[in-house]
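[1] model this:
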Amino acid sequence: MGYHLAMPDHDFKAQRLYVAADLAAGVRIACTAGQAHYLRNVLRLGPGDPVLVFNGRQGEWRARLGEAIGRGVALEIAALARDQTAGPDIDYLFAPLKRARLDYMVQKAVELGVARLRPVLTQHTTAERVNLDRMRANVVEAAEQCGVLRIPEVLAPERLARALESWEGARRLIFCDERAAVADPLAALRAVPPGPLAVLIGPEGGFSDAERSLLMSRNWCVPIALGPRIMRADTAAVAALALVNATHGDWT
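    Below is the predicted model of the structure:
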């Protein structure tokens, strides 16, 4: 059972579906073949059954399945159920992980409300190939399942050094560092002024000395510790994003 206390206005019993098309009352939207199969053959829904739909831009809408035409299914959009919300302006940068753990990390980042997912390649990155289509599919699935309205943007991988070279200094970069001077991560985060943020999680082997020096040389980089225990990268992502949301996101 999920923890839904933060979203009392959302109907978690209803099926949710992401669509790319614009949404408005009275619009009829054709499902993709995969969506039609899922609605008809997996969920066993039929004409007239209710579905909630969203596109990441125009809120969430109540819809009903129309009459099936061959193998196709259309959605008849009825009324707005929830207004679109912006969410916190947080980029999430991470060294890619192997398949299953990357899937998990992407899903949790979506649940925690990030605006953009940005894979970065570091000296100790073990999985340098990133399947962006799979990542985007995981983003959509996580949003559908957890009542999230915003679909985070998925950017192509780039080298960490290149990302830092083109960085906009107005966006503070929070990076997890076991050698951070301030042991209390909340104290370090409370010292960060309001504004756009990014969270960076390094690879399992940690940042190289050269990468850490590069990060520490930027005055818009803020190192934070994550306690006395060593965490795997996907666990560290959840911990760091939770701390940032609690201090600078939309949890307050």
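
[2] Could I get the full set of helices for the chain?
    Secondary structure of the chain (DSSP state H): helices at 33-37, 99-111, 132-146, 160-165, 185-190, 209-216, 233-248.

[3] Grab the nearest non-local neighbour of Gly249.
    Using C-beta to C-beta, 6 or more residues apart in numbering and skipping the chain neighbours, the partner closest in space to Gly249 is Pro88 (3.9 Å). For every residue, glycine as well, the C-beta is placed using N, CA and C.

[4] Does Arg116 touch Arg150 like I think?
    No: the criterion here is C-beta atoms under 8 Å, and Arg116 misses it with Arg150 at 10.5 Å.

[5] ok, these two, which is more surrounded?
    A count of neighbours by other C-beta atoms under 10 Å puts Arg150 above the other of Arg116 and Arg150, at 19 against 15.

[6] For this protein, list the residue farthest from the centre, please.
    Distance from the C-alpha centroid of the chain, by C-alpha atoms, centre = their mean, peaks at Gly70 (35.5 Å).

[7] before we move on, back to that, and the residue nearest to Gly249, how many residues sit next to it?
    Pro88 has 18 neighbouring residues, counting by other C-beta under 10 Å.

[8] hmm, back to that, just send the helices of the chain back as JSON lines, with mean pLDDT and distance to Arg172 too.
    Putting those into JSON lines (pLDDT from 0 to 100; distance: least, C-beta to C-beta, whole Å) gives the following:
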{"stretch": "helix 33-37", "mean pLDDT": "90", "distance to Arg172": "39"}
{"stretch": "helix 99-111", "mean pLDDT": "93", "distance to Arg172": "18"}
{"stretch": "helix 132-146", "mean pLDDT": "95", "distance to Arg172": "24"}
{"stretch": "helix 160-165", "mean pLDDT": "96", "distance to Arg172": "13"}
{"stretch": "helix 185-190", "mean pLDDT": "94", "distance to Arg172": "10"}
{"stretch": "helix 209-216", "mean pLDDT": "95", "distance to Arg172": "12"}
{"stretch": "helix 233-248", "mean pLDDT": "94", "distance to Arg172": "9"}
